[in-house]
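A.B. asks: Structure for the following, please:
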Amino acid sequence: MRAAVALACTLALSTPPHLIPIAHFASRVTTLVPGSRFALRLADGSTPQRSIVAAGEGTIANGTFALSDDASPGPVTIAALGSSGLATRTFRVVAAPSTPVLAVASYDDGVVFHDPVTFRALGTLATAGPPGDVAAIGNRLLTVDTDGTTATNVTLSPWSVATISNVPLGDEIAVDARSGAFFVTERQFDGKGGLARIDGARVTSVATGLTAEGIAVDARRGRVYVADANDDMVSVIEMNGMRVIERIAGLARAFSLALSPDGTRLYVVSNQGMSTPFAAPGKVTEIDVAGTPRTLARSPNLAFPLGVALDPATREVFVTDEGADVVYVLDARTLQPRHAPLQTCSTPWKPHFEASDDRLFVPCARSDEVDVFNARTLGRVAGAPFATGGYPLAVTIVRG
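C.D. replies: Predicted coordinates for the structure are as follows:
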């Protein structure tokens with residue numbers, strides 16, 4: 001992950017007595033939704049000596065600005081005093097979004113909400129730390145502070161935002177549709193990596209292997225698969241008891257996972273490449289997990305694959321490549337190419353396939369954009385790619 005420079009309100013100072021605009025709120029954020037919170041910080045990286053809400057809604061305590069869940073729309077001006085002078089920054093509070101809404105986990109800024117049809121930006125929920133992923137069920141949304149120890153639970157109707165503790169270095173999120181529980185991989189837990197189960201405010205964690213990254217949930221069999229990248233394996237966890245019941249070894253740099261709807265096929269992305277520091281081929285491996293795990297197919301060597309999504313209807317596997325800036329389209333049975341790679345924006349991260357309207361969303365971290373493709377025609381959707389917050393890593397749609 002990038003250096004932890006996100007989600008801070010950075011104030012640029014001038015020589016007294018002049019007031020100048022705050023230089024940056026990480027990137028382009030100007031509108032905030034209720035429930036937002038972020039640390040105030042000066043342009044030199046230090047915290048202000050004093051800071052106040054000069055006008056509008058919000059409070060400042062212990063160097064953190066916070067909006068209540070029922071904050072009214074309107075401008076908010078923050079003033080801060082540093083060793084070099086005074087600075088101000090004005091944001092606009094906007095109404096909380098309603099469903100359906102497109103949510104983008106933007107590492108630099110928070111969760112950025114967009115209209116799912118026009119892609120128009122609706123506002124940003126600034127969270128306690130940089131979001132690494134976002135997932136939804138019903139009218140609930142969860143994101144995680146990928147550099148800290150908290151998760152943020154959002155209910156869209158009625159609107160409420162709650163912070164959940166004890167989720168260290170959360171990476172990817174998946175949902176159990178039967179229980180409504182969220183599962184989060186933890187890159188570091190108990191000296192290794194781990195998996196957290198979040199039921200409301202209750203968190204239960206179990207250690208897996210080194211550096212837990214990708215995740216896939218089999219709700220019917222009550223299993224969660226976790227990619228332990230630095231142990232070259234996938235851990236299988238019994239979700240109710242939260243215990244490791246199996247380990248699938250021999251999967252170099254297992255990073256991202258996708259599972260077939262019937263729970264019998266697991267797709268594992270090896271996040272490496274010959275021209276990368278890992279100096280080993282990147283690939284996708286298909287594993288039969290219906291019984292004793294066995295390898296069914298491997299893809300050709302890929303440049304530097306990262307994320308994966310599955311379209312069960314067409315039996316296509318979409319794999320983003322952070323080195324080549326493409327999306328591979330592979331046959332789900334053979335893992336051979338079914339179409340030329342889709343050219344996309346810079347550093348495509350975790351793809352999201354939306355089955356309801358056959359759209360593939362591709363957040364591009366270094367472009368600050370989200371690309372969108374029609375999964376049937378493989379053509380780019382009108383209006384894509386669209387601008388979003390800084391360093392987007394994941395996308396979901398909250399349907400209510």
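
A.B. asks: Let me see the ranges of the strands in the stretch 201-350 of the chain.
C.D. replies: 202-207, 212-218, 223-228, 233-238, 243-249, 254-259, 265-270, 283-288, 294-298, 305-311, 316-321, 326-331, 337-343 (DSSP state E, counting those that start in this stretch).

A.B. asks: Do me a favour and average the pLDDT over stretch 359-375.
C.D. replies: What stretch 359-375 shows for mean pLDDT is 98.

A.B. asks: CA atoms of that stretch as CSV?
C.D. replies: C-alpha atoms of stretch 359-375 as CSV (Å, rounded to 0.1, in the frame of the first residue of the first chain):
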residue,chain,number,x,y,z
ARG,A,359,-21.2,-4.5,-16.2
LEU,A,360,-17.6,-5.0,-15.2
PHE,A,361,-16.2,-2.2,-13.0
VAL,A,362,-12.4,-1.7,-13.0
PRO,A,363,-10.9,0.8,-10.5
CYS,A,364,-7.6,2.2,-11.8
ALA,A,365,-5.5,3.2,-8.8
ARG,A,366,-2.9,5.4,-10.6
SER,A,367,-5.5,7.1,-12.9
ASP,A,368,-7.9,8.0,-10.1
GLU,A,369,-10.6,6.6,-12.4
VAL,A,370,-13.1,3.7,-12.7
ASP,A,371,-13.4,2.0,-16.0
VAL,A,372,-16.6,0.2,-17.0
PHE,A,373,-17.2,-2.5,-19.6
ASN,A,374,-20.2,-4.3,-20.9
ALA,A,375,-19.4,-7.9,-20.0
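
A.B. asks: In terms of pLDDT, where does R41 sit?
C.D. replies: 76.

A.B. asks: Walk me through which strands the strand or helix carrying it pairs with, and which way each runs.
C.D. replies: Using DSSP states H and E, R41 sits within strand 37-42. The strands beside strand 37-42 in its sheet (DSSP bridges) come out as strand 8-11 (parallel), strand 64-66 (antiparallel).

A.B. asks: How many residues are close by the nearest residue to M233 once chain neighbours are set aside?
C.D. replies: Once flanking residues are discounted, M233 sits nearest to A249: 4.6 Å by Cβ to Cβ, 6 or more residues apart in numbering. In short, each C-beta sits where N, CA and C put it, glycine included. Neighbours of A249 under the rule other Cβ atoms under 10 Å: 12.

A.B. asks: now swap in L141 and tell me
C.D. replies: 25.

A.B. asks: Equivalent analysis for V117, please.
C.D. replies: 10.

A.B. asks: and if you look at G291?
C.D. replies: Number of residues near G291 (other Cβ under 10 Å) recorded here: 7.

A.B. asks: L141 contacts P131, doesn't it?
C.D. replies: No. Between L141 and P131 there is no contact under Cβ atoms under 8 Å: 10.6 Å.

A.B. asks: Overlap in contacts, these two.
C.D. replies: Residues touching both L141 and P131 by Cβ atoms under 8 Å, 6 or more residues apart in numbering: V111.

A.B. asks: coming back round to it: for the strands of the stretch 201-350 of the chain, please prepare TSV with the additional fields mean pLDDT and distance to Q49.
C.D. replies: Output for those, formatted as TSV (pLDDT from 0 to 100; distance: least, Cβ to Cβ, whole Å):
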stretch	mean pLDDT	distance to Q49
strand 202-207	98	36
strand 212-218	98	40
strand 223-228	98	45
strand 233-238	98	48
strand 243-249	98	49
strand 254-259	98	43
strand 265-270	98	47
strand 283-288	98	53
strand 294-298	98	58
strand 305-311	98	42
strand 316-321	98	44
strand 326-331	98	48
strand 337-343	98	49
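
A.B. asks: Any chance of JSON lines for these, columns distance to T77?
C.D. replies: JSON lines is the format used below for those (distance: least, Cβ to Cβ, whole Å):
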{"stretch": "strand 202-207", "distance to T77": "37"}
{"stretch": "strand 212-218", "distance to T77": "41"}
{"stretch": "strand 223-228", "distance to T77": "45"}
{"stretch": "strand 233-238", "distance to T77": "48"}
{"stretch": "strand 243-249", "distance to T77": "51"}
{"stretch": "strand 254-259", "distance to T77": "42"}
{"stretch": "strand 265-270", "distance to T77": "46"}
{"stretch": "strand 283-288", "distance to T77": "50"}
{"stretch": "strand 294-298", "distance to T77": "57"}
{"stretch": "strand 305-311", "distance to T77": "39"}
{"stretch": "strand 316-321", "distance to T77": "40"}
{"stretch": "strand 326-331", "distance to T77": "42"}
{"stretch": "strand 337-343", "distance to T77": "43"}
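
A.B. asks: so which of these gets nearest H352?
C.D. replies: Between H352 and those, the shortest separation by Cβ to Cβ is 6.3 Å, and it involves strand 305-311.

A.B. asks: Neighbouring strands of that closest one in the sheet, and parallel or not?
C.D. replies: strand 316-321 (antiparallel).

A.B. asks: State the number of residues packed around P293.
C.D. replies: Counted with other Cβ under 10 Å, P293 comes out at 17.

A.B. asks: what do you get for I245?
C.D. replies: Using other Cβ under 10 Å, I245 has 10 other residues around it.

A.B. asks: What's the local residue count around the spatially closest residue to V236 that is not a sequence neighbour?
C.D. replies: Closest residue in space to V236, ignoring its immediate chain neighbours: E246 at 3.9 Å, by Cβ to Cβ, 6+ apart. Here the count is done by other Cβ under 10 Å, and E246 has 15 residues near it.

A.B. asks: now do A384
C.D. replies: A384: 19 neighbours (other Cβ under 10 Å).

A.B. asks: got it, and P312?
C.D. replies: P312: 13 neighbours (other Cβ under 10 Å).

A.B. asks: State the distance from it to V224.
C.D. replies: Distance, P312 to V224, using Cβ to Cβ, to the nearest Å: 19 Å.
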